[in-house]
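> Need coordinates for the below:
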Amino acid sequence: MAVVTVVRDDLPGLLATRASLRAQTMAAYDWFVADGASNDGTARWLARHGDEAVWWRSSPDHGLYDAMNVALDAVAERSFSCGYPCSHVLFLNAGDRLADDRVLERLLPILDASPDADLFYGDALEELPGGRLVVKPARSHRRALLGMFTHHQAMVYRLAALSRVRFDLRHALAADYALTLTVLKQGGPAYRLPLPVCIFAPGGRSRQDPARGRREQAIIRREVLGLGRTANATLWGLQWLALTLRQTIPWLYTKYRFSSNERSFLS
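Numbers count the residues shown, from 1 in each chain. Take a look at the predicted model:
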């Protein structure tokens, strides 16, 4: 499996992601790192430790999703042109971590058992203010109209399903949603994983500008799914209501949307 990490000026986050990967009980992954010409020492660190990744580069790009596309192209090139045995891709950005040290040990047999599935997705752990980890359960992919049904870092894509799909750079915040809907629209199977996949790093850009994220999602639903204006407006209102609930009554949102992290760690 290929793990793609995008970073810019976040060496501590990159090291946290690296530590999470190195702690896995089954090291059956290859690391692809795209650095956007960092100035904080990230590029120097990669130059010294580049042998830990099967591919890395540090050069200017056009943002997060452009860097993801560059790394995804590198995965595809190694897979299809060089005989590289990679069948699935997980996007784990700098600062994100796997949920525990047995994620790959449990995940890889599931991927092998369903080789024709285009998408696998699981729960995510999310860090609340104060450091407490809680489980954010994934919704069914059949409810993708409502938005991302789990964190992007909790999704594993079959590489073949991405052969003609890339992140749409028109969408600064929701390109992952567009890519995921496009993969689902192709009609291949999608399966819910019986395990949490990632610990999501807080402070993402979608949280900083949620209104833009909702606008982009409305455009994506119209273009990818052909959703009409009335239905789009209704979904926009539901998303606004959920965000308002989270901001004004956080304890109620937490009670509704999260559960204890004790269920996430299997013995």
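> Assumed W31 was part of a strand.
Yes - applying DSSP: H, G, I helix; E, B strand; the rest coil, one finds W31 inside a strand.
> what separates A113 from M26, distance-wise?
15 Å (C-beta to C-beta, to the nearest Å). For the C-beta atoms, the positions are set from N, CA and C on the backbone; glycine is no exception.
> between those two, who's got more neighbours?
Set side by side, A113 and M26 show more neighbours around M26, with 14 against 9, by other C-beta atoms under 10 Å.
> For that one, list the residues it contacts.
Residues in contact with M26 (C-beta atoms under 8 Å, 6 or more residues apart in numbering) are 102, 104-105, 108.
> mind listing the strands for the stretch 51-200 of the chain?
Along the stretch 51-200 of the chain, counting by DSSP state E, counting those that start in this stretch, strands occupy 55-58, 88-91, 97-98, 119-127, 133-136, 155-158, 190-200.
> And the contacts of the last one?
Same thing as strand 190-200. Outside of strand 190-200, the residues that reach it under the criterion C-beta under 8 Å, 6+ apart are 20, 90, 92, 96-100, 103, 106-107, 110, 114, 117-127, 133, 135-136, 138, 140-141, 151, 153-156, 184, 264, 266.
> so what strands line up beside it?
For strand 190-200, the paired strands and their directions (DSSP bridges) read strand 97-98 (antiparallel), strand 119-127 (parallel).
> Just the buried residues of the last one, please?
Put plainly, it is strand 119-127. Of the residues in strand 119-127, those buried under the neighbour-count criterion (16 or more other C-beta atoms under 10 Å) are 119-126.
> Same question for stretch 60-72.
Counting neighbours by 16+ other C-beta under 10 Å, stretch 60-72 gives 61, 64-72 as buried.
> got the buried residues of strand 119-127 as JSON lines, with distance to I219 and pLDDT columns?
Converted to JSON lines, these look like this (distance: C-beta to C-beta, whole Å; pLDDT from 0 to 100):
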{"residue": "L119", "distance to I219": "22", "pLDDT": "98"}
{"residue": "F120", "distance to I219": "27", "pLDDT": "98"}
{"residue": "Y121", "distance to I219": "23", "pLDDT": "98"}
{"residue": "G122", "distance to I219": "28", "pLDDT": "98"}
{"residue": "D123", "distance to I219": "28", "pLDDT": "97"}
{"residue": "A124", "distance to I219": "25", "pLDDT": "95"}
{"residue": "L125", "distance to I219": "30", "pLDDT": "94"}
{"residue": "E126", "distance to I219": "26", "pLDDT": "86"}
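> Nearest to G226 among those?
Among the buried residues of strand 119-127, L119 lies closest to G226 (C-beta to C-beta), at 20.6 Å.
> helices or strands next to the lengthiest helix in the chain in the packing?
Taking residue count as the measure and DSSP state H as the definition, the longest helix of the chain comes out as helix 229-248. Helix 229-248 is packed against helix 210-225, helix 250-257, with contacts defined by 3 or more C-beta pairs under 8 Å, 6 or more residues apart in numbering; DSSP states H and E.
> So which elements touch the first one?
Same thing as helix 210-225. helix 175-185, helix 229-248.
> So what angle separates the directions of that helix and helix 229-248?
Using axes from the mean of the first three to the mean of the last three C-alpha atoms, to 10 degrees, the direction of helix 210-225 lies 150 degrees away from that of helix 229-248.
> Next, the angle from helix 210-225 to helix 175-185.
Direction vectors for helix 210-225 and helix 175-185, defined by the same axes, to 10 degrees, enclose an angle of 20 degrees.
> Lovely, talk soon.
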